[in-house]
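Colleague: Need a 3D model of the sequence below.
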Amino acid sequence: MLTKAVIISIGDEILYGQTLDTNAHWLSGELNKFGIYVKKRHTISDTRKEILCTLREAEEGVEIILITGGLGPTSDDLTKPCLLEYFDTYLERDENVLNHIIKIFTARGRQVTEVNKAQADIPVNGEAIPNVLGTAPGIWIERNEKVFISMPGVPYEMQRMMTDTILPRLSKKYVKRGLIHRMIRTIGIHESNLADMIRDWEAGLPKEIKLAYLPGKGSVRLRLTAKGEDTDHLQKLMQDEINKVLPTIEKFVYGFEDEEIEEAIGRILMERKMSLSIAESCTGGYLSHKITAVPGSSQWYKGGLIPYSNELKNEQLQVSLEMLKKHGAVSEPIVLTLAENIRKAFHTDIGVSVSGIAGPTGGTKEKPVGTVWIGYSEQDKRAAKKFLFTKDRMLNIQYTATAALDMIRINLAKN
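Modeller: Modelled structure (predicted):
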């Protein structure tokens, strides 16, 4: 039987949209690695009623209840008082925690107030979880064969606490059961078209395997999830099904598991000892940002330019003003010239260019908002393709970057 968990994120700032709840996302992923199934996630306000009601609801049908937020020293931090009420207990000062708090404040040249010292008060039916990066300890409480774990809302404090103490302890307490995910990463095909292609394969999946479509901006992830007791059997079953479907969708598959398209491109370029440079206009550096976020990208990405204006296209990359006037910056001749000239200027094997109308203004009847041209150049190869994306500026930038990376992938596959 799978070990199940509930995550409770406490904070008005999350509900107001002022803070993104990255904690719940990170916790779900880490728990999954340990074979712990997250049954539900709650996001609630800093109120006594919400916290107590959610605790009562959360512990039904699960073994682990994880709470983030509300452990600070101020009056609006209500998690600890609510835990006292929920478990009908009281506080006792933990000297080890107190010494840790004093050490931190002393090192920072700050005075320790009574409010600060109160963070060392722990429910007597619980244990303090060390917080090496902050002053608010976590709290571990067990009741009725369930574990309640309360942690600070500060992401780096919570993550360190989970990694150092909580996850190792949970792995000892609960036997790891079979909960396995495999991800097939596709690009350049819409979700509905992909579903049509693999309909028969999906219909024949074993009962242990569930398929989910996870569409992104220009890409779709196929997630296979298997649950059961025999992990080795599930792994083999999953691989068998992947082997069955790959021939059908091979031209759209760029990688597996957590690999992003920019990582896959880098892997191929490194294997072939090839280099890349980019001239990007409408994406304004976003494409280069995605590439340089990949560790080791300096081994294959030499750099780029952002010739946003026609003057820079002319001055920096020798695109003639006559050509720009005749065809417009968003056109096949311009992106082909940009791609070829950036490749030559940076002495790389591949040059890529993007030019488009991101919006929300600037479109015409012939070239509406969302019109994008992407160019590709190798020594003996030139290619260009036109796209029509959305009316939203940021979406157009993101879709363009993904399409440019896919264009690199497609052309490399032809080599």
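Colleague: The stretch 201-350 of the chain: strands as residue ranges?
Modeller: Here the stretch 201-350 of the chain has its strands, by DSSP state E, counting those that start in this stretch, at 209-215, 219-228, 253-256, 276-280, 301-305, 350-356.
Colleague: do the stretch 1-150 of the chain as well
Modeller: Using DSSP E, counting those that start in this stretch, the strands of the stretch 1-150 of the chain run over residues 3-10, 36-44, 64-68, 91-93, 121-123, 126-129, 138-143, 146-151.
Colleague: from what I can see A345 touches L317, true?
Modeller: Yes: between A345 and L317 there is a contact under CB atoms under 8 Å: 6.8 Å. Just so you know, the C-beta spots here come from the backbone N, C-alpha and C atoms, and that holds for glycine as well.
Colleague: out of these two, which sits in the busier spot?
Modeller: Using other CB atoms under 10 Å, the more surrounded residue of A345 and L317 is L317, with 21 against 16.
Colleague: Which pLDDT value goes with the residue lying closest to that one once chain neighbours are set aside?
Modeller: Using CB to CB, 6 or more residues apart in numbering and skipping residues adjacent in sequence, the residue nearest L317 is N341, 4.4 Å away. At N341, the model reports a pLDDT of 98.
Colleague: residue contacts, N341?
Modeller: Residues in contact with N341 (CB atoms under 8 Å, 6 or more residues apart in numbering) are A279, L317, Q318, V319, G351.
Colleague: pLDDT and distance to E259 for those residues - can I get that in a markdown table?
Modeller: What follows is the contacts of N341, written out as a markdown table (pLDDT from 0 to 100; distance: CB to CB, whole Å):
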| residue | pLDDT | distance to E259 |
| --- | --- | --- |
| A279 | 98 | 26 |
| L317 | 97 | 32 |
| Q318 | 96 | 36 |
| V319 | 97 | 35 |
| G351 | 98 | 24 |
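Colleague: how much space between T43 and I265?
Modeller: To I265, T43 is 36 Å away according to CB to CB, to the nearest Å.
Colleague: higher neighbour count, those two?
Modeller: Taking other CB under 10 Å, T43 and I265 do not tie; I265 has more neighbours (26 against 15).
Colleague: Relative to S297, how far out is that one?
Modeller: In terms of CB to CB, I265 sits 9 Å off from S297.
Colleague: Need the overlap of contacts for these two.
Modeller: I291.
Colleague: Give me the mean pLDDT for stretch 184-197.
Modeller: On average, stretch 184-197 scores 96.
Colleague: same question, stretch 284-293
Modeller: For stretch 284-293, mean pLDDT rounds to 98.
Colleague: List the contacts of that stretch.
Modeller: 260, 262, 265-266, 276, 278, 280, 297-298, 301, 303-304, 306, 308, 352, 354, 397-398, 400-401, 404-405.
Colleague: just checking, M162 is part of a strand?
Modeller: No: counting by DSSP: H, G, I helix; E, B strand; the rest coil, M162 falls outside a strand, being helix.
Colleague: tell me the contacts of it?
Modeller: Residues in contact with M162 (CB under 8 Å, 6+ apart) are L27, E30, M151.
Colleague: same thing with V372?
Modeller: For V372, the contact set (CB under 8 Å, 6+ apart) comprises 282, 330, 354-357, 386-389, 396, 399-400, 403.
Colleague: how close does the closest residue to it other than its chain neighbours get to K217?
Modeller: Leaving aside its chain neighbours, V372 sits nearest to G356 (3.2 Å; criterion: CB to CB, 6+ apart). From G356 across to K217, the span is 15 Å (CB to CB).
Colleague: Between those two, which is the more surrounded one?
Modeller: G356 (29 against 16).
Colleague: Contacts only, for that one.
Modeller: S281, C282, V330, G370, T371, V372, W373, F387, F389, N396, T400.
Colleague: For the fourth one, grab the count of nearby residues.
Modeller: Close neighbours of G370, defined as other CB under 10 Å, add up to 21.
Colleague: doesn't G362 make contact with it?
Modeller: No: using CB under 8 Å, G370 is not in contact with G362; the gap is 10.6 Å.
Colleague: Could you give me the buried positions within stretch 342-359?
Modeller: 342-343, 345-346, 348-359 (16 or more other CB atoms under 10 Å).
Colleague: Of all pairs in the residues you listed, which one is the farthest apart?
Modeller: Greatest spacing in those, by CB to CB: D349 and G359 (33.1 Å).
Colleague: and the residue nearest to T186 when sequence neighbours are not counted, what does it touch?
Modeller: Counting by CB to CB, 6+ apart, F252 is the residue found nearest to T186 once chain neighbours are left out, at 4.3 Å. Applying CB under 8 Å, 6+ apart to F252 gives the contacts T186, I187, G188, I189, L194.
Colleague: which SSE is the fourth one in?
Modeller: Assigning secondary structure by DSSP states H and E places I189 outside every helix and strand.
Colleague: burial measure for it, as a count.
Modeller: Neighbourhood size, I189 [other CB under 10 Å]: 19.
Colleague: Now do the residue lying closest to it once chain neighbours are set aside against K217, distance only.
Modeller: Using CB to CB, 6+ apart and skipping the chain neighbours, the partner closest in space to I189 is F252 (4.7 Å). In this view, F252 and K217 are 15 Å apart by CB to CB.
Colleague: now swap in L205 and tell me
Modeller: For L205, the distance to K217 equals 27 Å [CB to CB].
Colleague: now D94
Modeller: Distance, D94 to K217, using CB to CB: 48 Å.
Colleague: Which of the contacts of G356 fall in strands?
Modeller: Among the contacts of G356, the members falling in strands (DSSP state E) are T371, V372, W373, F387.
Colleague: What residue in the chain is the furthest from its centre?
Modeller: For the chain, the C-alpha farthest from the mean C-alpha position belongs to E322; by CA atoms, centre = their mean, that distance is 44.1 Å.
Colleague: Return the lengthiest helix in the chain as PDB; C-alpha atoms alone will do.
Modeller: Longest helix in the chain, counting residues (DSSP state H): helix 393-413. Once non-C-alpha atoms are left out, helix 393-413 reads as follows in PDB (Å, rounded to 0.1, in the frame of the first residue of the first chain):
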ATOM      1  CA  ARG A 393       3.500  39.300 -26.300                       C
ATOM      2  CA  MET A 394       5.100  37.100 -23.700                       C
ATOM      3  CA  LEU A 395       3.500  33.900 -25.100                       C
ATOM      4  CA  ASN A 396       4.900  34.900 -28.500                       C
ATOM      5  CA  ILE A 397       8.400  35.300 -27.100                       C
ATOM      6  CA  GLN A 398       8.200  31.900 -25.400                       C
ATOM      7  CA  TYR A 399       6.700  30.100 -28.400                       C
ATOM      8  CA  THR A 400       9.400  31.600 -30.600                       C
ATOM      9  CA  ALA A 401      12.200  30.400 -28.400                       C
ATOM     10  CA  THR A 402      10.800  26.900 -28.300                       C
ATOM     11  CA  ALA A 403      10.300  26.900 -32.100                       C
ATOM     12  CA  ALA A 404      13.800  28.100 -32.700                       C
ATOM     13  CA  LEU A 405      15.300  25.300 -30.600                       C
ATOM     14  CA  ASP A 406      13.100  22.800 -32.300                       C
ATOM     15  CA  MET A 407      14.300  24.100 -35.700                       C
ATOM     16  CA  ILE A 408      17.900  23.400 -34.600                       C
ATOM     17  CA  ARG A 409      16.900  19.900 -33.500                       C
ATOM     18  CA  ILE A 410      15.200  19.100 -36.800                       C
ATOM     19  CA  ASN A 411      18.100  20.300 -38.900                       C
ATOM     20  CA  LEU A 412      20.600  18.500 -36.800                       C
ATOM     21  CA  ALA A 413      18.600  15.300 -37.300                       C
END
